[in-house]
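Trainee: coords please:
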Amino acid sequence: MSRMPRMTRTLTLLLIGSGLWAWSPRFHEVQTGLARRMVPKGMNRFLAAHESALLEGARGVASDQVPTVEEVEAQFQRILELSETHKPAPAIARELGILAKQIQLLTDPSATVGVTPFRATYEAYGDEHLKELVLSREPAWAVEAPLDPKPKLLSLTETKYARFRSLAPSVDSATGRRLGVWDRLSIPYGQLQLSFSNGVNATANFYILLWRAAGDLWAIPD
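Mentor: Numbers count the residues shown, from 1 in each chain. Next up, the predicted model:
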């Protein structure tokens with residue numbers, strides 16, 4: 001029988017019952033909404049016309065699973081297939097929202113494995129500071145990059161794990177209790193700010209890749 005401490009076991013059961021997200025549904029919704037404003041005008045019009053479906057996908061379904069590079073790549077290809085087979089626009093927009101959530105999880109340093117107190121603590125911290133987080137515009141690498149998403153997905157994952165290693169000493173892995181000071185000069189806050197902004201920019205860039213590949217199939221005339 002497992003000798004998991006009672007406190008840890010109880011917390012884990014609570015997390016499973018509530019549906020663990022890493023970032024919260026609201027956090028993903030905000031990131032996706034900001035990313036929508038950073039894409040080409042034609043794609044922005046398409047996403048704005050189907051915003052409810054987009055944000056439904058971005059909020060997602062409660063899950064303890066962390067997306068793999070292969071799963072995100074498969075979602076990217078799924079959107080291309082739906083576009084090429086002329087599936088309804090709201091269905092495509094919803095899948096774009098799901099892709100946004102997956103990409104944003106690839107920038108969340110707490111989302112490395114399944115149900116953990118660490119992830120719950122960082123989700124709460126993200127919601128606590130969401131209104132004050134700042135978006136910094138990064139280079140739009142997708143404008144001229146090859147249409148293969150995998151190299152950039154691997155790069156995001158590598159960065160995430162490096163940040164996890166930096167952040168890990170700030171959290172008690174057994175209980176999720178914050179260790180040390182978590183103020184605006186702390187590593188947890190710095191990682192939160194970077195992850196928020198990087199997630200928005202990454203979402204926008206992968207959207208640009210898809211727009212280049214399939215945007216003519218979604219375009220809404222001026």
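Trainee: looking at this protein, which helix or strand does the model trust least?
Mentor: When the helices and strands of the chain are scored by mean pLDDT, DSSP states H and E, helix 6-18 comes last with a mean of 40.
Trainee: Quick check: what element follows it along the chain?
Mentor: Per DSSP states H and E, the first helix or strand lying C-terminal to helix 6-18 is helix 25-36.
Trainee: mind exporting that next one as CSV, just the C-alpha atoms?
Mentor: Extracted C-alpha coordinates of helix 25-36, given in CSV (Å, rounded to 0.1, in the frame of the first residue of the first chain):
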residue,chain,number,x,y,z
PRO,A,25,-9.6,28.4,-18.0
ARG,A,26,-9.7,32.1,-17.6
PHE,A,27,-5.9,32.4,-17.9
HIS,A,28,-6.0,30.5,-21.2
GLU,A,29,-8.9,32.6,-22.4
VAL,A,30,-7.0,35.8,-21.8
GLN,A,31,-3.9,34.6,-23.5
THR,A,32,-5.8,33.4,-26.5
GLY,A,33,-7.8,36.7,-26.8
LEU,A,34,-4.5,38.6,-26.8
ALA,A,35,-2.9,36.3,-29.4
ARG,A,36,-5.9,36.9,-31.7
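Trainee: and the next element down the chain from that helix?
Mentor: helix 41-49.
Trainee: So which bits of that next one are buried?
Mentor: Across helix 41-49, burial judged by 16 or more other C-beta atoms under 10 Å covers Gly42, Met43, Asn44, Phe46, Leu47. Every C-beta, even on glycine, is put in place using the N, C-alpha and C of the backbone.
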